[in-house]
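Pasting a predicted model and its sequence here:
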2 protein chains.
Amino acid sequence: MRTRPYEEHVTGGARIEYKVFVPSKKSAPAPGTDRLVDKIREGLFVTYLRNPMVGIDEVARHAGVSTATVSRALSGNGHVSPSTRLKVEASADELGYVVSSTASSLASGRMKNIGVVVPFLNRWFFSSVVEGAQKALLRGGYDLTLYSLTGGEAERRSVFEHFLLRQRVDAVIAISLELTEDEVARLHALQKPLVGIGGPIEGVRTLTVDDVAIARLATEHLLALGHTRIAHIGGNKDLDLDFHLPTNRRVGYEQALAEAGVVPDPALFQAADFTMGGGYQAAKQLLGSPYDRPTAIVAASDEMAIGSILAARDLGLVVPRDVSVIGVDDYDLAEFFGLTTIAQFPQGQGEKAVEILLDRLRPGQNRLSSLNTPMPFELVVRSTTARPGE
Amino acid sequence: MRTRPYEEHVTGGARIEYKVFVPSKKSAPAPGTDRLVDKIREGLFVTYLRNPMVGIDEVARHAGVSTATVSRALSGNGHVSPSTRLKVEASADELGYVVSSTASSLASGRMKNIGVVVPFLNRWFFSSVVEGAQKALLRGGYDLTLYSLTGGEAERRSVFEHFLLRQRVDAVIAISLELTEDEVARLHALQKPLVGIGGPIEGVRTLTVDDVAIARLATEHLLALGHTRIAHIGGNKDLDLDFHLPTNRRVGYEQALAEAGVVPDPALFQAADFTMGGGYQAAKQLLGSPYDRPTAIVAASDEMAIGSILAARDLGLVVPRDVSVIGVDDYDLAEFFGLTTIAQFPQGQGEKAVEILLDRLRPGQNRLSSLNTPMPFELVVRSTTARPGE
DNA sequence: ATGAAAGCGCTAACAG
DNA sequence: CTGTTAGCGCTTTCAT
């Protein structure tokens, strides 16, 4: 960018002369004159319209110090006397100086930016994690660059072979991604911290919920209420995106039964796809039998649980009188349906991941801690579970 | 970054010597040896583990040309003979060269990154728009930096006063944000293209759906089926985040009625908060009256429409026999509930916004086109609407 | 079509 | 605690 003319990037076609922002007190604003352009004419924006073009040297000159001091004062790296710091901050403020992140990054090697990779964005769990991460990053002054792998294999490759390698990010968070060895290798080659959420990845620091324990807790809740014919709606194996989540939840369910001395009945298991529609179908199947039907259902996700509730209603069964239902997630609609569930805290997971990363990024803090950090979960009892009818 | 030691950033605590990646064919891999570390030892990764540290000059030397030529060949800016281009590309590939985005940005002024600002991420509409934008950006080689304003006023200010000004983005997409004049001014001061999705912002190029027309279409569908007692569940005024969306949809509803010679009955309007729970309450209210109850409901969102369906069921009414329901959005669960709705295409909106922006960013293409681009919508007839009972 | 060289705007040794 | 200065790794003019 040598001689890029100042006018080239004017937005929206409305050219505004930022340089003429001097309050013109003489002409009192006509009443009702509150359109943007008028306000600008009135100079009302003069205090906060900053010119992104002022550089560190102008600030230095204005404050009567060297650029190095300005850098130190504004970034907090290195020692500056309180008085100089104040001077510099005042100058920067007055001139509307904002550091150029590219220049800063090139010189320092820090990007103040982290990459977040998700399989989809359009699902409650993922968008919640991202939201949590975003919030935590903002607090730390970091940007979040999002990579959603929705577009299939080609897109995925492009992200891992290109985008993540551009030296754009200080670290990477991979959410619910079963990374291939190839991808892990690339990420390691980046020499940047990496944390996964959702399932152990070999050689990667990961946040996981204990899916076995979750399912066990859900089942135990039902057992404690007196149920013994407890069905389970879980996942089919080919739901690859979440590790062994379906399997683990099934194991937890069976463990709880076993501990209570109940023999799991294979007829009481149904596989579904973690959606409401899937849960609906599965539940219809389960609840169809009028004699030997289960008195309770443990669904591996809230969406499937809600589907089950709707299926029960359509069969003329009353929840929880005729059948109790418990889910996992505590998602958006769980409360509306009064669903008893095991809450996970995806926002918290996002925040935690960021916390770990920023900690790692802080110089000197090279603690490696454990490779696997367990995340909390919690039984939330609402109104879809009760003691079984006599 | 002067003397940052190479080892400082090793990930996950597992130090791997990338330099020893020479295939050691002699020792045949022991059967079953497919752990990552072993594969690395076997040199299997040698072809695609790229060293992010190789610079443009190494490539230049390797290809026997100047760095300028490498830059031109790889970026596509400026002319390079086909043969040299090939040579350069081969060298880059072989050495695993990836341009440093910071250096490139600093020199060129282009960031290859655009900022996307959303009020929430955790809602179907927003995450869908973002997903669409992401996909389109990836195709164009751009990164997406996400700013979710979930955290309230302070966070919002921080984004507009700080993050967006760091010269990080080439352009900004603001989704469903009623920007203050202050914020618009700041964004304009950035001198970067800006497009809004969801509602006209003064002086900003915007993509909007015609909410009046949408509601009219929905209402006309019901009218055409023979309904005349048509209720509307809309929004209360203080749903500020979406411009005059609630009002506009109500206007469209009333227009359609008027055109059909039906006088809108104020008793047939209910305000709700666009959620399922809100729609449920509102519909109970509407459908509670046994005599004069509406035969159809136009809900301003699918979630409220689904709430209405559930309310109808709970009142013992059958949809669509006793009451027809139509929504707006065509969101996730619409299909499961068989909901007739007016589809919007949020992904398409995201893609379109990106398209406009990238077009603007292309040198020479300073066409300003219209300030307001209408987005498509479409009636999707499913099974919650039918002719009214006799 | 290609090369030489001057920056882009900042940071961090190093010296004082 | 502060200033001087040498880069960070590219892009782009200008000259050839």
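Yep, that arrived. Numbers count the residues shown, from 1 in each chain, chains lettered A, B, ... in the order given.

Those residues of the stretch 101-250 of chain A touching DNA strand D, which are they?
A:103, A:106, A:107 (Cβ under 7 Å from any atom of the strand). (C-beta placed from N, C-alpha, C; glycine too.)

quick one, what contacts the second one?
The reference is to residue A:106. Contacts for residue A:106 (Cβ atoms under 8 Å, 6 or more residues apart in numbering or on different chains) come out as B:100, B:102, B:103, B:106.

how about a cut-off of 10 Å?
Contacts for residue A:106 (Cβ atoms under 10 Å, 6 or more residues apart in numbering or on different chains) come out as A:100, A:167, B:1, B:100, B:101, B:102, B:103, B:104, B:105, B:106, B:107.

tell me the SS of it?
helix (DSSP: H, G, I helix; E, B strand; the rest coil).

right, and out of the residues of the stretch 101-250 of chain A next to DNA strand D, which lies closest to chain B?
residue A:106 (4.4 Å; Cβ to the nearest Cβ).

Please identify the helix or strand for the closest residue to the closest one other than its chain neighbours.
Spatial nearest neighbour of residue A:106, chain neighbours left out: residue B:102 (4.4 Å); criterion: Cβ to Cβ, 6 or more residues apart in numbering or on different chains. Using DSSP states H and E, residue B:102 maps to helix B:101-108.

how far off helix B:101-108 does whatever helix or strand comes next after that helix point, in degrees?
Using DSSP H and E, the helix or strand that follows helix B:101-108 towards the C-terminus is strand B:113-118. Strand B:113-118 runs at 110 degrees relative to helix B:101-108, counting by axes from the mean of the first three to the mean of the last three Cα atoms, to 10 degrees.

buried sites along the following helix or strand past strand B:113-118?
Counting by DSSP H and E, the next helix or strand C-terminal to strand B:113-118 is helix B:124-139. Neighbour-count burial for helix B:124-139 flags B:124-138 (criterion: 16 or more other Cβ atoms under 10 Å in any protein chain shown).

re earlier: could you count how many residues lie near the residue nearest to residue A:106?
23 (other Cβ atoms under 10 Å in any protein chain shown).

For it, give its distance to residue A:110.
10 Å (Cβ to Cβ, to the nearest Å).

Overlap in contacts, the two.
A:101, A:104.

Can you list the low-confidence ranges for the stretch 251-390 of chain A?
Within the stretch 251-390 of chain A, the segments meeting pLDDT under 70 span A:363-370, A:390.

Quick one: the residues of the stretch 101-250 of chain A next to DNA strand D as JSON lines, columns for pLDDT too.
What follows is those, written out as JSON lines (pLDDT from 0 to 100):
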{"residue": "A:103", "pLDDT": "95"}
{"residue": "A:106", "pLDDT": "95"}
{"residue": "A:107", "pLDDT": "95"}
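
Whichever strand or helix holds residue A:158 packs against which elements?
Using DSSP H and E, residue A:158 sits in helix A:153-161. Helices and strands touching helix A:153-161, by 3 or more Cβ pairs under 10 Å, 6 or more residues apart in numbering or on different chains; DSSP states H and E, are strand A:113-118, strand A:143-148, helix A:181-189, helix B:124-139.

Lowest average confidence across these, which one?
Looking over those, mean pLDDT reaches its minimum on helix A:181-189, with a mean of 85.

Give the next helix or strand downstream of that one.
Heading C-terminal from helix A:181-189 (DSSP H and E), you reach strand A:194-197.

touching chain B at all, that following strand?
Yes: for strand A:194-197, a contact with chain B is found by Cβ under 10 Å from any Cβ of the partner chain, at A:194, A:195, A:196.

Which strand residues bridge the residue nearest to the last one when sequence neighbours are not counted?
If you skip the residues right next to it in sequence, residue A:196 has residue A:206 as its closest partner in space, 4.1 Å away by Cβ to Cβ, 6+ apart. Note on residue A:206: beta-bridge partners residue A:196, residue A:372, judged by DSSP bridges.

who's in contact with residue A:206?
So residue A:206 contacts A:174, A:194-200, A:243, A:353, A:370-373, A:375, B:12 (Cβ under 10 Å, 6+ apart).
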